[in-house]
Structures are given as C-alpha cells and as structure tokens.
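Peer 1: sequence unavailable; structure follows:
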C-alpha cells in the first residue's frame, strides 16, 4: 500500500513538473522578408514535432508595405515557405491569410477539438 502511494505521488509530481505543450507559436517578420530564417525554421519544426496529430492552422498577416498588392504577395510567399516546411514533415497545415492580424506576423496554433 505504501509503495502504491509513493508511485502515485511520484507520478503526480512528474506530471506537475513537466512543461505543458505549446499550443500557439507567434513569429515576427521584417517587412521585406519572404523566406524563413534558420531560427524561425527551428521554432516551426519544434512546434510541428510537438503537435503532429493535431489540426494545425497557420495565420499569416500581410507585410507592412505601402502597396497593398505587394503586401499580399509577401504574405503569400511567407505562407508558401511555411507550407513547404510542414509538407517536408508530412504534417497537414491549414493556411489562412489574416489581413486584420498584426502586420508581419505568423501565428501557428493548434485547433481545439
């Protein structure tokens, strides 16, 4: 009986001490940036690896450019870069263009069940 209580306490402590899984990742771009930096690729890869069986959404905002058409093109190129990374890991990703989101940001998030 004592051993069972010790095992339950250890499991409880381990569960409380472990970090919760990240459900959202926000990345920031410079206005002219269309590809991912090595650090951004690493963060996205880690996020995809920690959420492989969840429905994931990538919301990409337009770039902070004076010409709205150029801003849209920058957003599309960023979406393509993230899509290529998720396809290389065989993880489906729902891509959204979010014009009302803060400019030059990318938000990856796990959808609620």
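Peer 2: Received the coordinates, thanks. Please read these numbers as outputs of a predicted model, since none were measured by experiment.
Peer 1: CA only for contacts and neighbour counts going forward, please
Peer 2: Noted.
Peer 1: after the longest helix anywhere in the chain, which helix or strand is next?
Peer 2: Identified as the longest helix of the chain according to DSSP state H is helix 68-88. Under the assignment DSSP states H and E, the closest C-terminal helix or strand after helix 68-88 is strand 93-97.
Peer 1: list of residues touching the helix or strand just after that next one?
Peer 2: The C-terminal neighbour of strand 93-97 among helices and strands, as given by DSSP H and E, is strand 105-110. For strand 105-110, the external contacting residues (C-alpha atoms under 8 Å, 6 or more residues apart in numbering) are 23-29, 51, 54-62.
Peer 1: one more pass at 7 Å, please.
Peer 2: Contacts to strand 105-110, defined as C-alpha atoms under 7 Å, 6 or more residues apart in numbering, come from residues 23-29, 54-61.
Peer 1: so where is the protein shaky, pLDDT-wise?
Peer 2: 7, 9-22, 112-113 (pLDDT under 70).
Peer 1: show me how far the longest helix of the chain is from its chain's centre.
Peer 2: The chain centroid and the centroid of helix 68-88 are separated by 14 Å, computed with C-alpha atoms, centre = their mean, to the nearest Å.
Peer 1: then stretch 60-72?
Peer 2: On the basis of C-alpha atoms, centre = their mean, stretch 60-72 sits 21 Å off its chain's mean C-alpha point.
Peer 1: endpoints of it, how far apart?
Peer 2: 10 Å (C-alpha to C-alpha, to the nearest Å).
Peer 1: what does stretch 95-111 give?
Peer 2: Taking C-alpha to C-alpha, stretch 95-111 runs 12 Å from one end to the other.
Peer 1: contacts only, for residue 27.
Peer 2: When contacts are counted by C-alpha under 7 Å, 6+ apart, residue 27 is found next to 105, 106, 107.
Peer 1: and of these, the nearest to residue 81?
Peer 2: The nearest member of the contacts of residue 27 to residue 81, counting by C-alpha to C-alpha, is residue 106 at 11.3 Å.
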